[in-house]
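S.K.: Sequence and predicted structure below; questions after.
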Amino acid sequence: MTTVEQDIAEKEKQVNDLVEAHPELEDDVELGDIKEVMERIDFIVPQSDDPNTPAFTFRSVFLGTFWVVLLSFANTALSFRTNAFYVNASVALILTYPLGLILAAILPSGILNPGPFSMKEHVLIYIIASCGYQPYGIENVVSQMMPDLMGNTDITFLQSLGFVIVTQFLGYGLSGLTRRFLVRPTAMWWPSTLSTIALFTSFHKTDLTEFEGVQKYSMTRYRFFWVAFIGMFVYMWIPEYFAPVLQTISLGCLLAGRGSGKSGVLSKFNVIAGSAVKGMGFLGLTFDWTYLGSYVFTTPFWAMLTFLGGTAFFQYLITPILWANDVWGDNLVIGKDALGNPTANSPSLFVGNKNGTKKYGARVKPNYFYNKSANYDLNLTAYNDVAPVRLTAHFALVYGASFATITAALSHVALWYGKDIYRQTMNAFRQVRDEVDGMDKHVKMMEAYPDVPDWAYLAFLAVASAGAIIVSLVTPFNMPWWAIFFNLFICLIFILPFGIVPAVSGFYLYLNVLTEFVIGLMIPGQTVAVMAFKSWGTNSLSQALTLTQDLKLGQYLHIPPYAMVFAQFYGTLVNAFVSTAAVFYMVYNTNDLLQKPEWRYNGHQTFYSAGGIWGAIGPQRFFGIGSLYEGLLWCFLIGATAPLLPWLANKYIYKSRYWHFINFAIIFTTGNAGAYQVVVLMPFLLALVSQYLFLKNKEFYQKYLYVMGAAFDGSAGIVSLIISFMSVAGISFTTFWALNPNTDNVPFDYYCYPGASYNDYDCSYYLNQGDNETALGVSCV
C-alpha cells in the first residue's frame, strides 16, 4: 500500500512527463493545481474498487425513499423559519449506517439481501436522501398562493406539483454534457464533497493510502466521528435552545457601547456597523454551528480568504461609506421605526415619494404594486404613488455585486481555463481520450462501468423541455413558450463558468439575478412570468451542477454512473411530491404559526420582494438610464475587467500560479440583505485553524478534520430539527436571562440599545411614548 506522499510524488512525475511531451501545457492552471488537490483528497478517497459490489438494491431504494420523504417535508417546513435552516443529508448518511446493518442482518438472503451492507448502497441512499431539500420552484408556489403575499388561493396542488417537477428536472439534461469538463479532470475536485467522502470511508472498510511515518493518533476515524458527534450534539443545545444570543453576537456594539442617546435609539455606528441584526455586524460572532458548517474545513484556504476578504470589504467598508455619504439619499429615513431607528440591513422596498399617500421612507409590500385583476402585473397608479422606490444601501450593493459576479465568472474562466476547455472540447469532437484527464486513477477505475451516453441526456432534455412548455402555458405559473428555450441558452453559456468556480473553490454562484434582470427587460411588468423564468433559469443551472457534483462523488467512490443518475432522478421526483404537499400543509394547516416572530418566512419574502423589483416594477425602472440606481450597471463592466488585473500581472509582472487564486467572482459574492451578518470573523478563525493543521499537523488534518466537520454538521442538524419540532409543538425555553432575551419586549441584540435589558426597556423608554408602565407591568410614575 502506498503512502499519500508516494502517490503525490508519482502524480508529479506524470505531470512533468506530460509537460515535457507537450510544452504548450507548461502554464496550464489545471495541471498546476493537481499537486495541491492530491494533498487535499488522496488520504480520504478509496484507492481500489470491486465492480461486482452491489449498489442499487432493495435496501438502498427502501432507505433512500424513507429519508427523502422525511427530509423533504422537514426542510420545506423549516424554510418558513425567519432564519431558515435546512437539515443536511449527512444526517441521513449517519443514521442509515446502523439501519443498513440491521436490514443486512434480518432480511432473507437473495434479492432483498444481496450480502453485507456496502458503501455503494450507502452512497446511493445518500444521493436519494440529498434530494430532500426545498425545491427552488417552491418559492413561486409560496409567493403566489400565500395569503399574506400574492394570495392566489385558487392555485391547486396538481398545478403546483407540475411546476415544481419540471423546474427540478429540466437542468439534468444539461449536466451530462459537462462530464469531460467538470467531472473527469483531477483539478475539478469539488471540495464540498470531501466531508461526505470522509463519512463514507469512516463507516466502511476501504483501501486508503497510509500516513507516512509513526502515527501519533491511534483512534479510528469511526470512533472519532462519534466522539465529535456526541460533543456537538450536547453543545448545540446551548445556542439553539438555552442561550440563543450566542447565535448572533453584535461584537461591534459591545466594543463601541450603546451610545448616550434616548432609550431605545441606536447610535449611528450601531445602526450601520455595530448591530448584526439591523446593520452590517462589524466583527459579528456566532457560536452556532448551523451558521457555519463543515465548509470552513474543506474549502481551500485561498478560497476562504478570497470570499471572506470580499465580504468584509463590502460589508465593513463600502456599505458604511455609501450609507454615511447618503449616496442614494435619505438613509436616515428608510425603514425608520417609531423611535427613529433607520434600517440598514433589509431586503424590503421603501417609499421614495414625499408627496404620495404613503409615509415617506416607510416599508411598502411588493403586492402593493400588483394588479390582481391583470395577473399581478404592474399597477402603474400604485407605483407612481410611491416612486422612486428605494432600497437600503446594503441591498443595493448586493445587487451591484451580483452584477459584477456574473461577468467576473465569465472573464476569470475564459482567461485561466479557456485553453483547457478548448482542448477538452476538441478531444470530445474527435472522440479521443484527453491525456490530462487520463492520468487520474479514478477515471481509469470508472472505465469498468458503462457510462450514460450524451444522447440519453439530450433526449431527456427534449422531454423535460416539452413538459416545461406545457406547464408554462396551462398553469398559473405562466410564461411565454419561447422563454423555455431562452432559459436553456443562458444555462449553456454559464454552466462551465459557474461550474468551474465551485469545482475548484467550494463556493457556488447562481443565476437568479441575471435571469430576472434579463427577462424583466424583455417582458417588463409581467410579474408572474418574470418570477417563473427566474426559477427556470436559476434552478436549471443549479440542478445541472448538483448532478455534476454527485457524478464527481460517484467517481471518487466508484459508483456506476447509471445508478447515480437514476438515484438522483428518483429522489428528485419523490422530493417534488412531498415538498409541494408540505407547502400546502404549512400555508393552510398550521393556524397562526406563520405569524410568530420565529416563523416569518424571510427567505420566501425575499423571493417575493424580488418579484416586485424585477417583475412588476422591472429592471428598467430600477436600474435603467435615469433611474435612482443606474450607477450599479457599471458593475457589469467592473466584473468583466477586474479578472484582467491578476491575469496581466501573471503575464507581465511576475509569473506564478497563485495569481489565479485571486478570483473576483468569489470576491464579489457578498452577504445577503436581511440575514444576520455573522459570516466573516468566526469562519476566518476556523479556516485559520484548518490551514494551521494542514501545515503543522498534517496527520490530524488528514485523518480527522473532514470527519469532524461532517460529525458537527450531522449533530447540529439533528438538534436543530428536534428544537424546530419542539417549537411547532409549543415547547420553548421561557426562562429569560442575558443570553435568552425576551424578544416580545426587546430586540434580539438588546445590548446595542440604550435603556434595554434582556427582559424589558427602562421607564424612560415608555415615558417617551406616553406610557406609564413597562411591558412587564412596572409602574413608571
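M.R.: Noted; the coordinates are in hand. Note that this is a predicted model, so its numbers are computed, not measured.

S.K.: show me the contacts for the most centrally placed residue in the chain.
M.R.: Closest to where the C-alpha atoms of the chain average out (C-alpha atoms, centre = their mean) is Y508, at 6.9 Å. The contact partners of Y508, taken as C-beta atoms under 8 Å, 6 or more residues apart in numbering, are 501-502, 545. Heads up, the C-betas are built off the backbone N, CA and C, glycines and all.

S.K.: Repeat that for F533.
M.R.: Residues in contact with F533, defined by C-beta under 8 Å, 6+ apart, are 479, 483, 487, 515-516, 519.

S.K.: Mind giving me the ChimeraX select for the contacts of Y508, buried ones only?
M.R.: Burial among the contacts of Y508 is assessed by 16 or more other C-beta atoms under 10 Å; the matching ChimeraX selection reads:
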select :501,502,545
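
S.K.: Next, the buried residues of stretch 740-753.
M.R.: Buried-residue list, stretch 740-753, by 16+ other C-beta under 10 Å: 740-742, 745-753.

S.K.: which of those residues lies closest to A582?
M.R.: Distance to A582 across the buried residues of stretch 740-753 (C-beta to C-beta) is lowest for F748, with 27.4 Å.

S.K.: sec struct for the closest one, please.
M.R.: coil (DSSP: H, G, I helix; E, B strand; the rest coil).

S.K.: Pop out the phi and psi values for it.
M.R.: phi -60, psi -40 (degrees, to the nearest 10).

S.K.: Quick one: residues contacting the nearest residue to it once chain neighbours are set aside.
M.R.: In space, and not counting its chain neighbours, F748 is closest to V277: 5.7 Å by C-beta to C-beta, 6 or more residues apart in numbering. Going by C-beta under 8 Å, 6+ apart, V277 touches 248, 250, 345, 676, 747-749.

S.K.: Give the buried residues for the longest helix seen in the chain.
M.R.: Under DSSP state H, the helix in the chain containing the largest number of residues is helix 393-430. The neighbour-count check on helix 393-430 (16+ other C-beta under 10 Å) flags 393-413, 415-417, 419-421, 423-424, 427 as buried.

S.K.: same deal with stretch 323-338?
M.R.: 323, 328, 331, 333-336.

S.K.: Quick one: mean pLDDT for it?
M.R.: Stretch 323-338 shows a mean pLDDT of 82.

S.K.: likewise stretch 649-665?
M.R.: The average pLDDT for stretch 649-665 rounds to 89.

S.K.: ok, now stretch 289-305?
M.R.: pLDDT averaged over stretch 289-305 gives 90.

S.K.: What is the end-to-end distance of that stretch?
M.R.: End-to-end distance of stretch 289-305 (C-alpha to C-alpha, to the nearest Å): 20 Å.

S.K.: Likewise for stretch 501-511?
M.R.: Stretch 501-511: ends 13 Å apart by C-alpha to C-alpha.

S.K.: for that stretch, the distance to its chain's centre please.
M.R.: Its chain's C-alpha centre and that of stretch 501-511 lie 10 Å apart, by C-alpha atoms, centre = their mean, to the nearest Å.

S.K.: likewise stretch 172-186?
M.R.: 21 Å.

S.K.: Equivalent analysis for stretch 293-304, please.
M.R.: In terms of C-alpha atoms, centre = their mean, the centre of stretch 293-304 is set 14 Å apart from its chain centre.

S.K.: Please point out which parts of that stretch sit buried.
M.R.: 293-300, 302-304.

S.K.: Quickly find the element holding the residue nearest to the centre of the chain.
M.R.: Under the criterion DSSP states H and E, no helix or strand holds Y508.

S.K.: mind checking how far it is from D744?
M.R.: 37 Å (C-beta to C-beta, to the nearest Å).

S.K.: Span of stretch 258-271 from start to end?
M.R.: 11 Å.

S.K.: Just the CA trace of stretch 235-248, in PDB.
M.R.: C-alpha atoms of stretch 235-248 as PDB (Å, rounded to 0.1, in the frame of the first residue of the first chain):
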ATOM      1  CA  TYR A 235     -23.100  21.700  22.900                       C
ATOM      2  CA  MET A 236     -25.700  22.700  20.200                       C
ATOM      3  CA  TRP A 237     -28.500  22.800  22.800                       C
ATOM      4  CA  ILE A 238     -26.800  25.900  24.300                       C
ATOM      5  CA  PRO A 239     -27.000  28.300  21.300                       C
ATOM      6  CA  GLU A 240     -30.100  26.700  19.900                       C
ATOM      7  CA  TYR A 241     -32.300  26.500  23.000                       C
ATOM      8  CA  PHE A 242     -30.900  27.800  26.300                       C
ATOM      9  CA  ALA A 243     -28.700  30.700  25.100                       C
ATOM     10  CA  PRO A 244     -29.900  31.900  21.600                       C
ATOM     11  CA  VAL A 245     -27.900  35.100  21.800                       C
ATOM     12  CA  LEU A 246     -24.900  33.000  21.000                       C
ATOM     13  CA  GLN A 247     -26.300  32.500  17.500                       C
ATOM     14  CA  THR A 248     -25.600  36.200  16.700                       C
END
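
S.K.: elements contacting the strand or helix carrying V123?
M.R.: For V123, the host element (DSSP H and E) is helix 119-129. If you count contacts as 3 or more C-beta pairs under 8 Å, 6 or more residues apart in numbering; DSSP states H and E, helix 119-129 packs onto helix 58-78, helix 90-106, helix 194-203, helix 527-557, helix 561-588.

S.K.: what about stretch 592-600, how long is it end to end?
M.R.: End-to-end for stretch 592-600, by C-alpha to C-alpha: 11 Å.

S.K.: contacts for that stretch?
M.R.: With C-beta under 8 Å, 6+ apart as the test, stretch 592-600 has contacts from 80-82, 148, 586-587, 601, 727-728, 743.

S.K.: on that earlier part again, please compute how far the helix holding V123 lies from its chain's middle.
M.R.: 22 Å.

S.K.: what do you get for stretch 723-737?
M.R.: 27 Å.

S.K.: what does it contact?
M.R.: By C-beta under 8 Å, 6+ apart, stretch 723-737 touches 74, 77-78, 81, 85, 237, 240-242, 590, 593, 598-599, 740, 742, 758-759.

S.K.: Keeping just the C-alphas, turn it into CSV.
M.R.: Provided in CSV are the C-alpha atoms of stretch 723-737 (Å, rounded to 0.1, in the frame of the first residue of the first chain):
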residue,chain,number,x,y,z
ILE,A,723,-35.9,22.0,18.5
SER,A,724,-37.8,23.1,15.5
PHE,A,725,-40.4,20.4,16.1
MET,A,726,-40.5,21.4,19.7
SER,A,727,-41.3,24.9,18.6
VAL,A,728,-44.1,23.8,16.4
ALA,A,729,-45.5,21.8,19.4
GLY,A,730,-45.3,25.0,21.6
ILE,A,731,-42.3,23.8,23.7
SER,A,732,-39.8,26.6,24.3
PHE,A,733,-37.3,27.7,27.0
THR,A,734,-39.1,30.6,28.7
THR,A,735,-36.5,31.4,31.4
PHE,A,736,-35.2,34.8,30.3
TRP,A,737,-31.6,35.8,31.1
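
S.K.: Confirm for me that L545 is in contact with P497.
M.R.: No. L545 lies out of contact with P497 (C-beta atoms under 8 Å); the separation is 11.1 Å.

S.K.: still on that earlier bit, specify which member of the contacts of Y508 is nearest to I127.
M.R.: Closest approach between these and I127, by C-beta to C-beta: L545, at 14.8 Å.

S.K.: The stretch 301-450 of the chain: helices as residue ranges?
M.R.: Along the stretch 301-450 of the chain, the segments classed as helices by DSSP state H, counting those that start in this stretch run 301-312, 319-324, 380-386, 393-430, 435-438, 441-445.

S.K.: for the ones you listed, which one sits closest to D454?
M.R.: Judging the helices of the stretch 301-450 of the chain by C-beta to C-beta, what sits closest to D454 is helix 393-430, at 8.9 Å.
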